[in-house]
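K.L.:
Quick one, structure for this:
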Amino acid sequence: MHYIILAALLSACVLADVQDQYYSFSQSIGSGSGNPYRLIGEGRITAVRVWEGYNSYIYGFQIKYGFVWSPVVGYTHGDQQEIELQADEAIIQISGKYAHYLQSVVFTTSKGRTLQAGQPSGISFNMYPEHPMAELRFISGRYSGGITSLQAHWGITYPDRIALH
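P.N.:
Coordinates of the predicted model:
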């Protein structure tokens, strides 16, 4: 009995170490004013929605984990853009431009597909994980009338698969 408990604790510690090894975050961009947000869920990201104003900036985000959509952060004002990911696809890069608001955003997948929204004006940014096996796990930042800041958090979804290899 003690061996089973010890083995379970050891496995949990190994998986936590493996997951920490693949975690990284991209520094926040934008003015950072307004209300804080964090879009996080269980499992892998399966879709992303972005709301953009015509000749304007990014108003809101929504992320789908498995079959469950997160709450909308920001506003559903303007045009909605959406990308649905395939089963073996992940978001590996976020780029775009910002000023006071997030002016434009591009989500790039492991298969080279993109979701582009907003107007490309302002200061350029490029976010990606530090480890090549990591993918986007969640985003955070602030909003006030639109998205005023963005930070990306990278990691692995299923650490047990990596630990076995």
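
K.L.:
from memory Gly53 sits against Gln80, does it?
P.N.:
No - with contacts counted by CB atoms under 8 Å, Gly53 stays clear of Gln80, the gap being 11.5 Å. Placement of C-beta: from N, CA and C, glycine included.

K.L.:
low-scoring pLDDT stretches of this protein, where are they?
P.N.:
Within the chain, the segments meeting pLDDT under 70 span 1-20, 158-165.

K.L.:
can you map out the strands along it?
P.N.:
24-30, 35-39, 45-52, 58-65, 68-69, 73-74, 79-84, 91-98, 102-109, 114-118, 123-127, 135-143, 147-155 (DSSP state E).

K.L.:
JSON lines please, covering these and showing mean neighbour count.
P.N.:
Shown next, in JSON lines, are these (neighbours: other CB atoms under 10 Å):
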{"stretch": "strand 24-30", "mean neighbour count": "18"}
{"stretch": "strand 35-39", "mean neighbour count": "15"}
{"stretch": "strand 45-52", "mean neighbour count": "22"}
{"stretch": "strand 58-65", "mean neighbour count": "23"}
{"stretch": "strand 68-69", "mean neighbour count": "13"}
{"stretch": "strand 73-74", "mean neighbour count": "23"}
{"stretch": "strand 79-84", "mean neighbour count": "14"}
{"stretch": "strand 91-98", "mean neighbour count": "21"}
{"stretch": "strand 102-109", "mean neighbour count": "23"}
{"stretch": "strand 114-118", "mean neighbour count": "21"}
{"stretch": "strand 123-127", "mean neighbour count": "16"}
{"stretch": "strand 135-143", "mean neighbour count": "22"}
{"stretch": "strand 147-155", "mean neighbour count": "23"}
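
K.L.:
Could you give the bridge partners of Leu150?
P.N.:
For Leu150, the beta-bridge partners under DSSP bridges are Ile29, Gly141.
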